[in-house]
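Student: got a sequence here, can you build the structure:
(chains A, B, C and D)
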There are 2 protein chains.
Amino acid sequence: MVVSAKHPGKPSADGLSAAGDRLAEAIELLFFAYRDFISDPDKLLAEYDFGRAHHRVVHFVGRNPGITVAELLNILRITKQSLARVLKQLIERGFVVQETGKQDRRQRLLYLTASGRELEERLAAPQRARVAAALENAGPGAEEAWREVLLGLVNDEDRTEVEHRITRAPEQR
Amino acid sequence: MVVSAKHPGKPSADGLSAAGDRLAEAIELLFFAYRDFISDPDKLLAEYDFGRAHHRVVHFVGRNPGITVAELLNILRITKQSLARVLKQLIERGFVVQETGKQDRRQRLLYLTASGRELEERLAAPQRARVAAALENAGPGAEEAWREVLLGLVNDEDRTEVEHRITRAPEQR
DNA sequence: AAAATATGTCAACATGGCTGACACAAAATG
DNA sequence: CATTTTGTGTCAGCCATGTTGACATATTTT
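Tutor: Numbers count the residues shown, from 1 in each chain, chains lettered A, B, ... in the order given. As a prediction, the model looks like this:
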């Protein structure tokens, strides 16, 4: 094979810089993995007339009962107007409830209802199965390495918080 | 600490099912890692008045010179109408060129121009740096495990293709 | 000659981001 | 106690990017 001079091929095509491509491959792999990973719950969400934004809220409220709106915004990194749209629907349709904060009565603490927990469980099941299968297939020890790399991808200034969030019991309010 | 009976806490809060939560944590970690990973190129894209959709096209055309529209659609898993919108802009502004296929003259083979390659490089740089830092920090051997798990997350029916795509030289046309 | 394929395009619509402005209650501060 | 700050909600409008459906054209395959 000859790589066209007019249109250079991928760097590795000439066999000279294959090693330098490993990063590009890793980046691509992350794209493919995420593409399929988030595709799981879509059909189910459609049944509820919900979208991926609803999924994220249900997930993080489920994992952090009593989370405040501000904390949720900090996790999702979206504007409060964007969050309000989906949150309103989840509340109206009885998947999420709000409670006024005891210490700080300005806060609206968010909780899943029984229906909300059921939805969360149904959404999480295929993703858990997918991750479990991938981890099992990769053998023992792979999970630790995998998690360490993912954590390393998080912004430096957010890493501590994420680290706590995925291990810590929910903060008290 | 006492978990409210009215609003059950996360499963791990009672210390009884912490192990079962590992999957949920892994799922969350994937969310956080991807959230920050894709945030890198956004500022740069804004300078060009482009979005993430343009980024994806530039990336995959750059990595697969001469890729057909159909192949690109299969990678991105979007409709041809969605692709057409961003592809048209990339072509009009001189980042991508099309060439009629030699064997099959119906095909439009896609290539980056010099500007396109420059854009691709500028977009990829921060992501490569992020991944490189995460891998280095996780120590030797972590990369292999990380990749294996990510590959395991891909749909069974797509795994072989993805595997080839991230290692193989571009197919001939 | 007819059918299938690769691509392009038009139109309309939905989701979920965004900015900017404003309102209100509660808490924190001087 | 008066003032400022904070947490939240909401209205209005815009934009990017996904969707479906229909149709056109050129080319290849049958």
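Student: check contacts around the residue nearest the centre of chain A.
Tutor: By Cα atoms, centre = their mean, chain A has its centre lying nearest to residue A:56, at 7.0 Å. For residue A:56, the contacting residues are A:76, B:31, by Cβ atoms under 8 Å, 6 or more residues apart in numbering or on different chains. Every C-beta, even on glycine, is put in place using the N, C-alpha and C of the backbone.
Student: beyond whichever helix or strand it is part of, next helix or strand please.
Tutor: Element membership of residue A:56 [criterion: DSSP states H and E] is helix A:52-63. As assigned by DSSP H and E, the chain's next helix or strand after helix A:52-63 is helix A:69-76.
Student: contact partners of that following helix?
Tutor: For helix A:69-76, contacts defined as Cβ under 8 Å, 6+ apart pick out A:56-57, A:60-61, A:64, A:79-80, A:83, A:87, A:107-108, A:110, A:165.
Student: chain A: helices as residue ranges?
Tutor: Using DSSP state H, the helices of chain A run over A:22-37, A:42-48, A:52-63, A:69-76, A:80-92, A:114-138, A:142-153, A:156-165.
Student: ok, which of those helices comes nearest residue B:47?
Tutor: helix A:22-37 (20.8 Å; Cβ to Cβ).
Student: tell me what angle that closest one forms with helix A:114-138.
Tutor: Here helix A:22-37 runs at an angle of 140 degrees relative to helix A:114-138 (axes from the mean of the first three to the mean of the last three Cα atoms, to 10 degrees).
Student: what's in contact with helix A:22-37?
Tutor: By Cβ under 8 Å, 6+ apart, the list of residues contacting helix A:22-37 reads A:127, A:130-131, B:30, B:33-34, B:37, B:56, B:59, B:63, B:77, B:124, B:127-128, B:131-132, B:135, B:143, B:146-147, B:150-151, B:153-155, B:158, B:162, B:165-167.
Student: thought residue A:58 was touching residue A:93?
Tutor: No. With contact defined as Cβ atoms under 8 Å, residue A:58 does not reach residue A:93; the gap is 11.3 Å.
Student: buried ones in stretch A:138-152?
Tutor: Using 16 or more other Cβ atoms under 10 Å in any protein chain shown as the test for burial, stretch A:138-152 gives A:138, A:142-143, A:145-152.
Student: rebuild those as TSV, extending it with distance to DNA strand D and pLDDT.
Tutor: Formatted as TSV, those follow (distance: Cβ to the nearest atom of the strand, whole Å; pLDDT from 0 to 100):
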residue	distance to DNA strand D	pLDDT
A:138	29	94
A:142	30	94
A:143	30	93
A:145	30	95
A:146	26	95
A:147	28	95
A:148	30	95
A:149	25	96
A:150	23	97
A:151	26	96
A:152	26	97
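Student: from those, which is closest to chain B?
Tutor: residue A:152 (2.9 Å; Cβ to the nearest Cβ).
Student: and the residue in chain A that DNA strand C sits nearest to, its phi and psi?
Tutor: Nearest residue of chain A to DNA strand C (Cβ to the nearest atom of the strand) works out as residue A:51 at 1.6 Å. Note on residue A:51: backbone dihedrals following degrees, to the nearest 10 are phi -120, psi -170.
Student: rewinding a little: any chance of the helices of chain A in TSV, with distance to residue B:115 too?
Tutor: Converted to TSV, these look like this (distance: least, Cβ to Cβ, whole Å):
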stretch	distance to residue B:115
helix A:22-37	19
helix A:42-48	36
helix A:52-63	33
helix A:69-76	34
helix A:80-92	33
helix A:114-138	38
helix A:142-153	29
helix A:156-165	32
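Student: near DNA strand D, which residues of chain A?
Tutor: Taking Cβ under 7 Å from any atom of the strand as the measure of proximity, chain A contacts DNA strand D at A:68-70, A:80-81, A:84, A:87-88, A:98, A:101, A:104, A:106-108.
Student: so which of the buried residues of stretch A:138-152 are also by chain B?
Tutor: A:138, A:142-143, A:145-152 (Cβ under 8 Å from any Cβ of the partner chain).
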